[in-house]
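Asker: Give the three-dimensional model of this entry:
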Amino acid sequence: MGLFSKKSQSVVLIDAGSASVGGAYLRVVEGQTPLLCYTARVPVELRGEESITEAMIRSLNELCSLLIREGAAALHREAGNAHIDLILASVSAPWQDTTVRIVSLEEKHPFVFTRQLMEKAVCTTAPTSDRMISDTSVISTTLNGYETAHPWGKRALRADLTVLTSTIDKFAAKEITKSIRKAFHSHHLELTAFAPVAYAVVSDMYPLQKDFVVLDVSGTATDAIIVKKGVIAGVRTLPQGVHDLLQACRGAARNMPGNGAIDSTRNAAFAPRVEEAETVWLAGLKKMLADFASEHPLPRAVFLLADEHARDFLKRLIDESTIRTLWLSEDPLSVIPLSPEHTASLVKARGMADGDVFLSMLALFYSDRLTKR
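Answerer: Numbers count the residues shown, from 1 in each chain. Just a heads-up that it's a prediction; the model follows:
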């Protein structure tokens, strides 16, 4: 079978975060490893009195210009044309919110569990007027107390569904959509929250790891996705991210070590500001995890997601903090900063594409969804 007889798609990926926005052109060809042929990332930096949403949209406009000016040519060289099948944009905190709930169905007499019955039960919660639902999925089904991966057509007296629902701030969604449509005109656009992307991809990358935490640290917020027995047990959000840490360290930038990590010990004048920012973030993170630990034992594997310039710094903060005391056993806590090296064998990057862990995860999320259709 020749290349042109295989199913293939060209997709624009956009990662809208409060620390930076990233974009890529993805080629998905049936039977082949997903390929990024162009990537770009633009930092989100506040100017004057503008809000974080305004700053993100300004960076997104700049990113879209790069995707059109440089990326379209890179796609044409790879695919032989610049046709785009879909634009998939993921939205992170503080604009996305993800919740987990249990929906139960119970009857006096046995009933047949069907897809239609499930869909009707799941669509019972409406978002508030300022938010829109971006993702709703059933991540586990229990019939008569027994979890089953294939519930269709089975009879039961009771069904318990674990439902993952993500919403996006309507104003941010509207502005993101307007910016992307202005750049790409009439191409099909889909918005998704990043939390379900991170859960799905990390679960696939580490199939033997059934209990873990994903810490997604953006500019103004930190999401903790807690997974137990392969299913999301909770999502918590901390309203602090890397912006305060970076601003505290900005004056000490000339004294950064060679690896680019932020080191407060290199500049005594900025040490109190850096220490205060670190303390606030760590205290919030510890409380967020402690609230969950009061109900469930915390997983010992923590996957850390952050922009490249902050990744190692945040790992050091966690390693050196008292957060480790939340884990009562003597087994060592494993903090794994996810980097492009972790996805290199799963997603190729060539031409004008660099390794980008967020865009690679989005590529894996889309290609996996495509194969399951």
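Asker: Show residues contacting the longest strand anywhere in the chain.
Answerer: The longest strand of the chain (DSSP state E) is strand 96-112. When contacts are defined by Cβ atoms under 8 Å, 6 or more residues apart in numbering, strand 96-112 is touched by residues 117, 121-122, 124-125, 131, 134-135, 139, 153-169, 193-196, 223, 225, 232-235, 237. C-betas here are computed from N, CA, C, even on glycine.
Asker: If we use 7 Å, what do you get?
Answerer: Contacts to strand 96-112, defined as Cβ atoms under 7 Å, 6 or more residues apart in numbering, come from residues 121-122, 124, 153, 155-168, 193-196, 232-235, 237.
Asker: can you list the weak-confidence ranges in this protein?
Answerer: Filtered on pLDDT under 70, the chain yields the residue ranges 1-6, 124-125, 186, 246-273, 329-331, 373.
Asker: who does the helix or strand encompassing residue 275 touch, helix- and strand-wise?
Answerer: Take DSSP states H and E as the rule and residue 275 turns out to sit in helix 271-293. Where contact means 3 or more Cβ pairs under 7 Å, 6 or more residues apart in numbering; DSSP states H and E, helix 271-293 is packed against strand 222-228, strand 231-238, helix 242-249.
Asker: returning to what we had before: for the longest strand of the chain, the distance to its chain's centre please.
Answerer: 26 Å (Cα atoms, centre = their mean, to the nearest Å).
Asker: partner strands of that strand, parallel or antiparallel?
Answerer: Using DSSP bridges, the strands paired with strand 96-112 are strand 155-169 (antiparallel).
Asker: Then residue 42 would be within a strand, right?
Answerer: Yes - per DSSP: H, G, I helix; E, B strand; the rest coil, residue 42 lies within a strand segment.
Asker: Please report the number of neighbouring residues for it.
Answerer: 19 (other Cβ atoms under 10 Å).
Asker: can I assume it is in contact with residue 63?
Answerer: Yes - counting by Cβ atoms under 7 Å, residue 42 touches residue 63, with 4.7 Å between them.
Asker: any residues in contact with both of these two?
Answerer: residue 21.
Asker: got the helices and strands packed on helix 271-293 as TSV, with mean neighbour count and distance to residue 32 columns?
Answerer: Formatted as TSV, the helices and strands packed on helix 271-293 follow (neighbours: other Cβ atoms under 10 Å; distance: least, Cβ to Cβ, whole Å):
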stretch	mean neighbour count	distance to residue 32
strand 222-228	22	30
strand 231-238	19	31
helix 242-249	21	35
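Asker: Using CSV, lay out those together with distance to residue 303.
Answerer: What follows is these, written out as CSV (distance: least, Cβ to Cβ, whole Å):
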stretch, distance to residue 303
strand 222-228, 9
strand 231-238, 13
helix 242-249, 17
